[in-house]
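Peer 1: here is my input; please provide its structure:
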Amino acid sequence: MRKIGIYFFTFLMVLCTSNIYAQIRIGAKAGLNVANASTSGTIDTKSKLGIHLGGVAEYEIMDALYAQGGILLSQKGYKYELDLSGPGYTYTEESKISLFYIDIPLTAVYKFELGDMSIYGTGGFNIGMGLSGKYKYEENDDGNITSGETDLDWGSGNTDDIKRMDLGFIVGAGVEINEAIQVGLSYNIGLNNLLPVSGVEAKNRVFAITISYFLTEF
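Peer 2: Prediction:
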């Protein structure tokens, strides 16, 4: 999978250097994340809301085809519930995993012009670096209710809670208005297992609604 990412990046760089007179646009982007996780086992995961914000750059490769990249602060994670109740005994737990990342998306964008608007499709890769994470829970152990919150330990060791790197695919579509504003929907499909524990998997899934505004070009 790493080789695929390297080949994709190299391909975009070759295309970019083949058109040295193309313009680069710089802007800002922000939006809403609906984050969840694909997990193994019988864990019932639910979505949690977050935000993303940062900078975006777009480079014209050729007519209608662009390379777009950025640096974003992004909230991910998921909620899950456990129910181990049985005859004469009750145990339930509601937990929330909140993750904070720096994301570096690198995508190709193809645009179809419609007057002052364009419709575009996009696809590529995202590289995420975990910054911080929290685990919050509330449990009911046969009527004894307790709750708490703790910071997650990042790493790949046996005593760590979650791995730091997150590589994923991005697909999406949207509209561009007056060559300045982009409103888009995207889906980030995480490829890396976030959990260091052998035999257990959790992979990020993020549906995002984004508004980008291009401030300048050169």
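
Peer 1: could you use CA atoms for every contact and neighbour count after this?
Peer 2: Will do.

Peer 1: tell me where the chain has strands.
Peer 2: For the chain, the strands defined by DSSP state E cover 24-39, 44-46, 48-62, 65-83, 91-114, 117-141, 144-151, 165-177, 181-190, 202-217.

Peer 1: quick one: which of these is nearest P196?
Peer 2: The closest approach between P196 and any of the strands of the chain, judged by Cα to Cα, belongs to strand 202-217 at 9.8 Å.

Peer 1: next one: the closest one to chain centre, how far?
Peer 2: 8 Å (Cα atoms, centre = their mean, to the nearest Å).

Peer 1: which ones are touching V171?
Peer 2: Counting by Cα atoms under 8 Å, 6 or more residues apart in numbering, V171 touches 121-124, 186-188.

Peer 1: nearest residue to it in space, please, no chain neighbours.
Peer 2: G123 (4.4 Å; Cα to Cα, 6 or more residues apart in numbering).

Peer 1: and the pLDDT for the one you found?
Peer 2: At G123, the model reports a pLDDT of 97.

Peer 1: from P105, how far out is it?
Peer 2: 10 Å (Cα to Cα, to the nearest Å).

Peer 1: comparing the strands of the chain, which yields the minimum mean pLDDT?
Peer 2: Comparing mean pLDDT over these, the weakest stretch is strand 44-46, at a mean of 85.

Peer 1: can you pull the phi/psi pair for the residue lying farthest from the centre of the chain?
Peer 2: Within the chain, the residue lying farthest from the chain centre (Cα atoms, centre = their mean) is G88, at 42.5 Å. Dihedral pair for G88: phi 80, psi 10, per degrees, to the nearest 10.
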